[in-house]
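S.K.: this is the structure alone, sequence omitted:
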Ligand code: NDP
Ligand code: 8X3
């Protein structure tokens, strides 16, 4: 079977890391991206025993860095069959009128523009080959807005729109495009959102069973391993305890 190469942004933690680990087990060649080089080195050391691993350190916000990094890929990693646009975070959780504008910039620059920067660097080769698969990691927060979610939700609504736009515009080239939209997943997400306040971050996942990063990795692997004529276009995945952004059953 032909070895497929998957590029994962945000591979240093959470959903991206779990996906890297699962895809390595399933024989994908991997290009793993993030800003924390030490974590990328560690992943290359552990997963490199199972499959080909190439790492790229860049900030998705920086257009030039993104292009330079992706142009540097060696020949055996340069054909990207599967792009997993996963890098992203929430920054802060405030009422809109007291929101921090640096947080707003971070969320829009990383979750929206960062996703576009990476996609722009990869889409032309997929168009040329008339094949490829793009997975955009959206969120329940891209389907409904919750109190104090304002700009994070806006960034994920944008991911939803970009996912649809990519599917429409890349359709004539035979490229698969789909989103996986998780609800609450216990990762470093809340540590980042609450700026290292780990006690506050922990409370987000207390009293019910949140999703694990591995649950989402499993679904991403399912999505990308369907026969090529099957495109899972938009998937919402919640913990059983969660009915909506604001309704989480902590009694069962
Ligand atoms: P983590 O905080 O565990 O992981 C975030 C990843 O994104 C890290 O690998 C981080 O790498 C990378 N990243 C963040 N900022 C940048 C940047 N500027 N440039 C490059 N990489 C960056 O969170 P999750 O795994 O939970 O989040 C992954 C995705 O899932 C995000 O898009 C998030 O919005 C989405 N999501 C998460 C949910 C949850 O409840 N956890 C629910 C729904 C969606 P590094 O710091 O090394 O750069
Ligand atoms: C992450 C899930 O509910 O914290 O997208 O916004 S939530």
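M.R.: Thanks, I have it. What you see is a predicted model, and the numbers here were worked out from it, not measured in a lab. Numbers count the residues shown, from 1 in each chain. Ligands and ions are numbered 1, 2, ... in the order given.

S.K.: bridging residues for residue 8?
M.R.: Bridge pairing for residue 8 (DSSP bridges) gives the partners residue 32, residue 84.

S.K.: thought residue 37 was touching residue 57?
M.R.: Yes: at 4.6 Å, residue 37 counts as touching residue 57 under the criterion of C-beta atoms under 8 Å. For every residue, glycine as well, the C-beta is placed using N, CA and C.

S.K.: okay, the two: which has more neighbours?
M.R.: residue 57 (17 against 12; other C-beta atoms under 10 Å).

S.K.: that one contacts residue 69, doesn't it?
M.R.: Yes: if you go by C-beta under 8 Å, residue 57 and residue 69 touch, sitting 7.3 Å apart.

S.K.: overlap of the contact sets of these two?
M.R.: Common contact partners of residue 57 and residue 69 (C-beta atoms under 8 Å, 6 or more residues apart in numbering): residue 33.

S.K.: correct me, but residue 88 touches residue 111?
M.R.: Yes: at 4.1 Å, residue 88 counts as touching residue 111 under the criterion of C-beta under 8 Å.

S.K.: identify the residues contacting stretch 90-97?
M.R.: With contact meaning C-beta under 8 Å, 6+ apart, stretch 90-97 is reached by 99-100, 102-103, 106-107, 141, 147-152, 189, 192-195.

S.K.: how about the residues of the stretch 101-250 of the chain that lie near ligand 1?
M.R.: 110, 114, 137, 139, 182, 184-185, 187-189, 192, 213 (C-beta under 6 Å from any ligand atom).

S.K.: quick check: of these, which lies closest to ligand 2?
M.R.: Set against ligand 2, the nearest of those by C-beta to the nearest ligand atom is residue 139 (3.3 Å).

S.K.: relative to residue 54, how far out is that closest one?
M.R.: Distance check for residue 139 against residue 54: by C-beta to C-beta, to the nearest Å, it reads 28 Å.

S.K.: and residue 207, what element?
M.R.: Residue 207 is part of no helix or strand when elements are defined by DSSP states H and E.

S.K.: what sits in contact with each of residue 88 and residue 111?
M.R.: Joint contacts of residue 88 and residue 111 (C-beta under 8 Å, 6+ apart) are 155, 159.
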